[in-house]
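[1] Please find the sequence and the predicted model below.
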Amino acid sequence: MSRKYFGTDGIRDVAGEGMLAPDRVRALGRGVARWLSGPRRVLFGRDTRESGPWILDALTEGLLAAGHEVVDGGVLTTPAVQTLCREEGFDLAIVISASHNPAHDNGIKFFGPDGRKLPDQEEERLEAAIDADGSAAPGPKRARATRRDDAAAGGRYLRFLHRECFPELDLRSTTLVVDCAHGAASTLAPALLREFGATVVVRGNTPDGRNINEGVGVFHVEDLAPLVRLHGATLGLALDGDADRVLLVDELLGLRLEHPAHVPGGVRGAQIGDVGLQRAVRQDENLHQKPIDDSIFTSSQTTSSKSPAAAPLALSR
């Protein structure tokens, strides 16, 4: 069965139009409320687009009316929302972001209690619940729930990364250039790397709601190499708007390896792009290439309960 609303990375459209017209977003919220057998706990996070707050308000109307608890984590990266959902026992997580798309777009992504994207069959059930809006029998009456802001969510995610994932990481002799794409990682990424002791040179960290991905981020890595050279940095990192992917560059706009790369169990990469990855990995390495839907990467990896949720990493060439 083909999906009507979900693409490879949730629901996306121009903010205020199509599936993201205000009335459609409200209907989507009511559909999610019906799809959840409640009451449930739902965590929200978003990137820095100016449309994020009103989309959040429209989505949560139906959830709150149905008695579901809503926690707004504010501006958070997608991996942060995934990890907090899993570690803090939420039943559902929703990210409002259009990733690397321009600021006038937005999107809605859903994650289950394990922090992973919903399986196709669950997305189909959710679409059916959305289509039932106005025709489905009303559910049981529940007291209207409240929405709670959680300004400390980002800090808890950073502590999780530091203490649980990389407790021994020491970057005190490392200089890194980080492009935050004026997106969700504009505060989190520099703070984390400095916590590990790195000297951090930052660009793309002044979001204004309309400049996300504009001239910065993963589609503009050519501007990072000169900064890496200028600051004598070890590496440049370019993030996208919700920081679920990163491109790495050196002073020559490519990640060059001194010795052939070998990764036990092989390397995972997307079917499109990743030319630098293919060249950098040793010829006899096991490179697992998958369609450009990062939910299927979970089938080729084992995720520790103490691992940050993240999409595949690509090497820029």
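    Cool, got the structure.

[2] which residues touch the residue nearest the centre of the chain?
    The C-alpha lying nearest the average C-alpha coordinate of the chain belongs to Thr78 (C-alpha atoms, centre = their mean; 2.4 Å). Under the criterion of C-beta atoms under 8 Å, 6 or more residues apart in numbering, the neighbours of Thr78 are Gly45, Val95, Ser97, Ser99, Lys109, Ala184, Asp242, Ala243, Asp244, Ala309, Ala311. Using the backbone N, CA and C atoms, a C-beta is placed for each residue, glycine as well.

[3] Look up how far Glu251 lies from the third one.
    What it means is Ser97. 31 Å (C-beta to C-beta, to the nearest Å).

[4] cool, Asp208 as well?
    Asp208 is 30 Å from Glu251, by C-beta to C-beta.

[5] quick one, which of these two is more surrounded?
    Glu251 (20 against 11; other C-beta atoms under 10 Å).

[6] Ramachandran angles for the more buried one?
    phi -70, psi -10 (degrees, to the nearest 10).

[7] does it really touch Val228, like I thought?
    Yes. If you go by C-beta atoms under 8 Å, Glu251 and Val228 touch, sitting 4.6 Å apart.

[8] secondary structure element for Gly45?
    strand 41-46 (DSSP states H and E).

[9] List the pairing partners of that strand within its sheet, with orientation.
    Strand pairing for strand 41-46, determined by DSSP bridges: strand 69-75 (parallel), strand 92-96 (parallel).

[10] The next helix or strand after the last one to strand 92-96, inter-axis angle?
    Okay, so that is strand 92-96. Remark: after strand 92-96, the chain's next helix or strand is strand 105-111, criterion DSSP H and E. Relative orientation of strand 105-111 and strand 92-96, computed by axes from the mean of the first three to the mean of the last three C-alpha atoms, to 10 degrees: 170 degrees.

[11] quick one: contacts of strand 105-111?
    9-15, 20, 25, 28, 32, 49, 51-52, 55, 59, 78, 81-82, 85, 92-99, 101, 117-118, 123, 126.

[12] Over that strand, what's the mean pLDDT, rounded is fine.
    Average pLDDT, strand 105-111: 97.

[13] tell me which helix or strand of the chain sits lowest on mean pLDDT?
    strand 314-315 (a mean of 35; mean pLDDT, DSSP states H and E).

[14] If the residue nearest to His104 when sequence neighbours are not counted is in a bridge, with which residues?
    Of all residues not flanking His104 in the chain, Val14 sits nearest, at 5.7 Å (C-beta to C-beta, 6 or more residues apart in numbering). For Val14, the beta-bridge partners are Asp105 (DSSP bridges).
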